[in-house]
Every structure is written in structure tokens, then in C-alpha cells.
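> dropping a prediction and its sequence here:
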Amino acid sequence: MHVAIGSDHAGYALKVNLMAFLKERGETYSDFGAHSEDVSIDYPDVAWAVAESVASKKVERGILICGSGVGMSIAANKRSGVYAVLGNDLYTAKMSRLHNDTNVLALGGRLLGPTLAREIVSLWLDTPYEGGRHDQRLDKIKDKEFSKGERDTSCETNTNNGKLILVDHPLVQHKVSIIRDKNTSVKEFRELVQEIAGLMAYETTRTLALEPIDVETPITRTVGKTLQGKKLAVVPVLRAGLGMVEGILRLIPNAKVGHVGLYRDPETLEPVEYYCKLPNDIQERDIFILDPMLATGGSAVAAIDLVKRQGGKKISLVNLIAAPEGVRRVHASHPEIDIYVAALDEKLNDHGYIVPGLGDAGDRLFGTK
Ligand SMILES: O=P(O)(O)OC[C@H]1O[C@H](OP(=O)(O)OP(=O)(O)O)[C@H](O)[C@@H]1O
Ligand SMILES: O=c1cc[nH]c(=O)[nH]1
């Protein structure tokens, strides 16, 4: 297991001890400081760095140590997707895994001797999450995070790896507010949807692999980085997904484009399929399914089903605005899928429209109402 570990000055000595212990256990770790017990540092800075690493899945777990563990646990729990326990005893550490699926352990460097601390760490690392009746309780906590609307870049929404990633860059958030406005013209709406999709592409392509490349500058030879010859496909869901394609192709001009045609039956709100044409080699490609709106999730689940049936394997969903109901439905059917959104709204209304949302994305893009 790869663990992020960090402390302030008061937790430094125990951190050094626990890093040796992690090594003995055959774990790997990233050390986020402190690097001395002689220099006083602010524990939130370390807590947030470790929390970010855990929430963005760069590591599987985090361990934080300050004098009592209290400050670290409070600070880490401010990060969506982080569930930190103040685990200064064996029972709490164990139960926090069984019932709460905690992913960060906070310890008191001035409270615990190394022997007990090592026992706690072992128990916490080795105890699995029990699931079952606890899922619905954890879902309630996660729903609360969603409704706050103040999450950082990413948060985990299910226990099967699929993440909800909120692209909260200020430019994205600014432009989303403009497309929500009912007075925004069709022309401006169209341009902004492309721009937001392009900005979101920075986040959706963050994990693309790079390889070294020799470059000769006017000054000297150097080694730069270039994208590995990775194959990408974007698959807009007709109609409204079309509005996002150009914005992404501006950044990734070599991506192939597939199309899935679906519309929502106005009575049942269930998707009706009318078209599907994907690149022949779709099974080899990283696929981004595009649709500005994730409402009930019916269309997204149907689109993912279609792409999977044609052999698609590595699939992500990119939406501008999502409702919690849609996120849950997608992750219930396709728990491994990462969902990128520019906004996670409050709820659906009785007609299945996202509140506050932006209305009917297809109509606003194409001026059909
Ligand atoms: O999550 P859901 O409840 O399925 O709703 C979302 C779907 O609704 C909209 O399409 P719509 O059916 O209005 O078709 P259109 O794009 O052709 O207007 C939107 O573009 C999504 O595809
Ligand atoms: O709010 C919504 C819901 C579904 N489709 C839309 O275009 N908007």
C-alpha cells in the first residue's frame, strides 16, 4: 500500500519511527514533512497536503501526526473525500475502518509511545471496510459534502474507484455562472460551452502518460516531455454533447469522434436510443463521453452501456452540470467510471430538470426554444 505521511514538529519523532515501520511492513510512503522537530510549523499546511494526496487518489491512505492528533484530524476532514479518524487507541482505529472506511489516521505524537502507535497503524492499515448497512450512512455524509457546493478538485463517491471530480478552476466557475443565466444568448452560450469543455480537458487529460524526447533549443540540447502515442476518443451524446466537441478537439486534435444519439422520453424520463457510431478501434482508446447535463443519469448510463457493448473499456464521463441523483445512478451501474463535472447542483425538480441547472442544454445550444 502507498501511504502519505506527514507531521508537524510535535509529531516529527513519531513520524520518523512510523516511516521505518511502514518500510518494515513492505509499504511505500511519500513524506510530506516536517523535516525537523526544531522548527515550529503549522499543522494545517501538512494536513491539507496529505489530504489532497489521499482525496485525489495519488495514495491509498494518509497518516498525520501532531501533538495530540486533534488539529491534524480537524484540518484533514475539511477536504472532501477525506475521512480522517483521531485514532489514539486500538478500538477507535479498528472501528473507524470497519464502519467508517476512514482513509486518514491522525495520531498524537505527544500521547503515544512507538509500540502502541505501531500497533494502531497495523490494525488500521489491515482492517477492511465492512460495507453493508454502513454504506447508506456514509452516503449521507457524502451527500452533505455535495450539497455544500464548496468542494475542492475531487472527491470519492463510491468504494469502487470511480471518482467524482469537480473542476473548480475559477475560469470554469465564472463561465458556468454565465451559461446558467437565462438571458445569455444562444451564440454566447455555444461559445462558452466549448470554452468550458476545453478548460475541463486540462483536468480530464491530467493522467495522460508522458515520455522523454530529445529537443535542440537555439541554446543547447535538452530532454523534454512528449505525450505517449495514446489513443483517445471523444463521444458526444447527441444533441447537447456536440456543443463540447470542438472545445476539446482544439487541445487534442488527433482524438477520434464517436457519436451516441439518445433523447429523454418526456413522460418516463428514460433514454431512447437512436444512433451509435464509434471508431472501429474503440477498445484501444481512452474514451471521454461528453454531455453537458447529468440529470437522472439515465442517458449517461445508456451511453456508457452502448460504448461498453462495442468494446470500450477505459471510459470517463464529462458533464458541465450534474445532479447528485445522476452521479449516484452512474456509479451504481458503472462504479469504476470517473465523472468530471464543472458543477454539482442541488437536486432534480419534478420534471427531471437540474436545480438550479441551466434549463434544457440542447435547446439553449441550438436555439430550438
Ligand atoms: O440524465 P438524464 O435524466 O438522462 O438527462 C440528461 C440528458 O438530457 C439532455 O438531453 P435530451 O434528452 O434533452 O436530448 P437533446 O440533447 O437531444 O435535447 C441532456 O443533454 C442529456 O443527454
Ligand atoms: O436540467 C436538465 C436535465 C436534463 N437535460 C437538460 O438539458 N437539462
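Yep, it's here. Ligands and ions are numbered 1, 2, ... in the order given.

> who's in contact with the nearest residue to Ala233 once chain neighbours are set aside?
What sits nearest to Ala233 in space, not counting adjacent residues and going by C-beta to C-beta, 6 or more residues apart in numbering, is Arg285, at 4.2 Å. C-beta: built from backbone N, CA, C; applies to glycine. Contact analysis of Arg285 by C-beta atoms under 8 Å, 6 or more residues apart in numbering lists Lys231, Leu232, Ala233, Lys256, Pro279, Gly312, Lys314.

> if you set the cut-off to 6 Å instead, what comes out?
Counting by C-beta atoms under 6 Å, 6 or more residues apart in numbering, Arg285 makes contact with Lys231, Leu232, Ala233.

> which among those residues end up buried?
Among the contacts of Arg285, those classed as buried by 16 or more other C-beta atoms under 10 Å are Leu232, Ala233.

> closest to ligand 2 out of the contacts of Arg285?
Ala233 (23.2 Å; C-beta to the nearest ligand atom).

> measure the closest one to ligand 1 for me?
18 Å (C-beta to the nearest ligand atom, to the nearest Å).

> quick one: which of the contacts of Arg285 is nearest to Gly132?
Ala233 (37.8 Å; C-beta to C-beta).

> any idea what the closest one is bridged to?
With DSSP bridges as the criterion, Ala233 is bridged to Lys256, Ile287.

> contacts only, for it.
Lys256, Gly258, Pro279, Arg285, Ile287.

> what sits against the closest residue to Ala255 other than its chain neighbours?
Distance criterion C-beta to C-beta, 6+ apart; nearest residue to Ala255, sequence neighbours excluded, is Leu232 at 4.1 Å. By C-beta under 6 Å, 6+ apart, the contact list for Leu232 reads Ile252, Ala255, Arg285, Asp286.

> any idea of the pLDDT on Leu232?
Looking at Leu232, its pLDDT reads 95.

> equivalent analysis for the one 10 residues further on, please.
Per-residue pLDDT puts Leu242 at 98.

> so it touches Pro236, yeah?
Yes. Between Leu242 and Pro236 there is a contact at 4.9 Å, judged by C-beta atoms under 6 Å.

> if I look at the residue in the stretch 251-369 of the chain positioned nearest to ligand 1, how far off is His174?
Nearest residue of the stretch 251-369 of the chain to ligand 1, counting by C-beta to the nearest ligand atom: Gly362, 2.5 Å away. Using C-beta to C-beta, to the nearest Å, we find Gly362 at a distance of 23 Å from His174.

> who has more neighbours, those two?
Per other C-beta atoms under 10 Å, whichever of Gly362 and His174 has more neighbours is Gly362, with 21 against 11.

> Gly108 bridge partners, please.
The partner residues for Gly108, given DSSP bridges, come to Cys66.

> which ones are touching the residue in the stretch 201-350 of the chain that ligand 2 sits nearest to?
Distance from ligand 2 to each residue of the stretch 201-350 of the chain (C-beta to the nearest ligand atom) is smallest for Ala295, at 3.5 Å. By C-beta under 6 Å, 6+ apart, the residues touching Ala295 are Ala323, Gly326, Leu348, Gly352, Ile354.

> which helix or strand contains Glu203?
helix 186-204 (DSSP states H and E).

> packing partners for that helix?
Packing partners of helix 186-204 (3 or more C-beta pairs under 6 Å, 6 or more residues apart in numbering; DSSP states H and E): helix 170-180, helix 242-249, strand 338-344.

> parallel or antiparallel, which strands does the last one pair with?
Pointing back at strand 338-344 there. strand 163-166 (parallel), strand 314-322 (parallel).

> check the offset of the helix or strand following the longest one from the chain's centre.
Put plainly, it is strand 314-322. Per DSSP H and E, the first helix or strand lying C-terminal to strand 314-322 is helix 324-333. When distances are taken as C-alpha atoms, centre = their mean, to the nearest Å, helix 324-333 is centred 14 Å away from the chain's centroid.

> try stretch 65-75
Worked out by C-alpha atoms, centre = their mean, stretch 65-75 lies 25 Å from the chain centre.

> in terms of neighbours, single out the busier of Leu242 and Pro236.
Legend: neighbour count by other C-beta under 10 Å for Leu242 and Pro236, higher for Pro236 (25 against 19).

> who in the stretch 101-250 of the chain is up against ligand 1?
Val237, Leu238, Arg239, Ala240 (C-beta under 6 Å from any ligand atom).

> let's have those residues in a markdown table, adding neighbour count.
As requested, those are arranged in a markdown table below (neighbours: other C-beta atoms under 10 Å):
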| residue | neighbour count |
| --- | --- |
| Val237 | 27 |
| Leu238 | 17 |
| Arg239 | 17 |
| Ala240 | 22 |
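
> in strands only, show me those residues.
Among these, the members falling in strands (DSSP state E) are Val237, Leu238.

> wait, which of the residues of the stretch 101-250 of the chain next to ligand 1 is closest to Gly131?
Val237 (32.0 Å).

> pretty sure the closest one sits against His259.
No. Look at Val237 against His259 with C-beta under 6 Å: they stay out of range, at 8.4 Å.

> that older thread, now, of the helices and strands packed on helix 186-204, which is deepest in the fold?
Of those, the one with the most neighbours on average (mean count of other C-beta atoms under 10 Å) is strand 338-344, at a mean of 23.

> is that one up against ligand 2 anywhere?
No. Judged by C-beta under 6 Å from any ligand atom, strand 338-344 makes no contact with ligand 2; its nearest approach is 11.7 Å.
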